[in-house]
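>>> after the sequence you'll find the predicted model.
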Amino acid sequence: MKLSLFTLFILSFAVPVCAETQERSDWGSVFEKYEVQGTIVVVDGRENDQTTFVFDKERAAKPFSPASTFKIPHTLFALDAGVVQDEFEVFKWDGVERSFAGHNSDQNLRSAIRNSTVWVYQQFAEDMGAEKAKGYLKRIDYGNAAPSDDVRNYWLDGQLAISANEQIAFLQRLYRNELPFAVEHQRLIKDLMIVEADRKWILRAKTGWEGRFGWWVGWVEWREGPVFFALNIDTPNRMADLAKREKITREILASIDALPGRTAEKK
C-alpha cells in the first residue's frame, strides 16, 4: 500500500511520555449543556511534553463494556486469525431484518465499521472461538481481558470491561503500530477508522453503545502530533442520546484547537 507524504509524516511521530495531567472541571459545562453524565480523557501530543486533560477523573478510571469500540481490536484479531482476508471480502447478509437498516445488507470490513454491524463481528467471534479470543485479549492487555463464555456477545454485555484511560493507552499503541499484529493490519484498521479529514488533520474514531452508556474514542492526527480522546457518557434516553457522544467530544476538542468547529450539523 502506497502512503502519502503526509501519512508518512504523521506516522513518524512517536507519542511522548505523559508529562502533565490537568483536571478540566470547566468541561462539565459541556456535559451539562447536553444533560448527560460522563467523562472524557484527552491526551494532547502536539507539544514536546504530552499533556493529559480529564473531566471526572474517577469515572475515567472506571471500567465499562467496550461495546462497539471493541471492533477496533476485534478487526485485528479477525485479520490475524485469517477469518477475514482484507477490506474487500464480502459477508452475505443472513436475511434477518434488524432495527438499523444499514445492517440489512451484505457487508465488508469498511461498511461493518462504518455501520457498526454487530452480526459481522459475531460471525468473526464464532469462527475464532472463545479460547482464541481470550488469548488475543491477554496478548494485548485489553482492559480486564476477561470475556464471558458467550462468544457472540462478550464485548457487548459480558464481563469484558475497559476504562477511558485504558482506551487511550490502547489507541496510543495502535497509532504507533506497536500492537502485536502485522503492521499492514494495524494500518488497515486505522484507515477504516477515518471519519473525516482535511489537508492538515485526520480524524479517526469509533462509536460504541451498550444501551445504558455510550463511547466515542479515537484521535486527531496533526502534523505537530496526535490528540487522543475517549468519551464515555450515560444514555438514559437511549438512542436520543447517541448524537451527544460526538457533539460533546467535538465541542471539547474545538475548545483546545484540536479539531475545527463545525458550522453546520452533519447529516
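Cool, got the structure.
>>> where do the strands of this protein begin and end?
18-23, 38-44, 50-55, 194-197, 201-209, 213-222, 225-234 (DSSP state E).
>>> what packs against the shortest one?
With contacts defined as 3 or more CB pairs under 8 Å, 6 or more residues apart in numbering; DSSP states H and E, the packing partners of strand 194-197 are strand 201-209. Just so you know, the C-beta spots here come from the backbone N, C-alpha and C atoms, and that holds for glycine as well.
>>> what pairs with the strand it packs on, parallel or antiparallel?
strand 194-197 (antiparallel), strand 213-222 (antiparallel) (DSSP bridges).
>>> and it with strand 225-234, angle?
20 degrees (axes from the mean of the first three to the mean of the last three CA atoms, to 10 degrees).
>>> what's in contact with strand 201-209?
Outside strand 201-209, the residues that touch it by CB atoms under 8 Å, 6 or more residues apart in numbering are 10, 66-72, 113, 116, 190, 193-197, 214-222, 229, 235, 242, 245-246, 259-260.
>>> how about residue 189: what's its closest non-neighbour residue?
What sits nearest to residue 189 in space, not counting adjacent residues and going by CB to CB, 6 or more residues apart in numbering, is residue 75, at 4.9 Å.
>>> for residue 48, find the nearest of the strands paired with strand 201-209.
Closest of the strands paired with strand 201-209 to residue 48 is strand 213-222, at 14.1 Å (criterion: CB to CB).
>>> tell me the most buried of the strands paired with strand 201-209?
strand 213-222 (a mean of 25; mean count of other CB atoms under 10 Å).
>>> gap between the residue of the chain most remote from its centre and residue 119?
In the chain, counting by CA atoms, centre = their mean, residue 95 sits farthest out from the average C-alpha position, at 28.3 Å. Relative to residue 119, residue 95 is positioned 11 Å away (CB to CB, to the nearest Å).
>>> also residue 253?
Distance, residue 253 to residue 119, by CB to CB: 32 Å.
>>> and the two? Which one has more around it.
Neighbour totals were compared for residue 253 and residue 119, and residue 253 leads with 21 against 17 (other CB atoms under 10 Å).
>>> what residues are up against the more buried one?
Taking CB under 8 Å, 6+ apart as the test, what residue 253 contacts is 42, 220, 227, 229, 259.
>>> may I see the residues you listed arranged in TSV, with pLDDT as well?
Formatted as TSV, the contacts of residue 253 follow (pLDDT from 0 to 100):
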residue	pLDDT
42	98
220	98
227	98
229	98
259	95
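>>> tell me the one of the residues you listed nearest residue 28?
Looking across these and measuring by CB to CB, the closest to residue 28 is residue 42, at 14.2 Å.
>>> excluding chain neighbours, what is closest to that closest one?
residue 53 (4.4 Å).
>>> what's near enough to touch the one you found?
21, 22, 24, 27, 41, 42, 43, 44, 256.
>>> for it, name its beta-bridge partners.
Assigned bridge partners for residue 53, using DSSP bridges, are residue 22, residue 42.
>>> local confidence estimate at residue 15?
pLDDT, residue 15: 40.
>>> read off the pLDDT value for residue 104.
pLDDT, residue 104: 85.
>>> my read is that it contacts residue 111, right?
No: Residue 104 is not in contact with residue 111 according to CB atoms under 8 Å; the separation is 11.6 Å.
>>> picking up where we left off before, so which of the strands of the chain gets nearest residue 137?
strand 201-209 (16.3 Å).
>>> so where do the helices sit in the stretch 101-250 of the chain?
Along the stretch 101-250 of the chain, counting by DSSP state H, counting those that start in this stretch, helices occupy 109-115, 118-128, 130-140, 154-157, 164-175, 183-192, 243-255.
>>> residue ranges with poor pLDDT in the stretch 1-150 of the chain?
Applying pLDDT under 70 to the stretch 1-150 of the chain picks out residues 1-19.
>>> let's see that with 80 instead.
1-20, 47-49, 99-100, 147-149 (pLDDT under 80).
>>> list the buried residues for stretch 176-184?
Of all the residues in stretch 176-184, those buried under the rule 16 or more other CB atoms under 10 Å are 179, 181.
>>> let me redo that: stretch 48-63
Buried, per 16+ other CB under 10 Å, within stretch 48-63: 50, 51, 52, 53, 54, 55, 56, 59, 60, 63.
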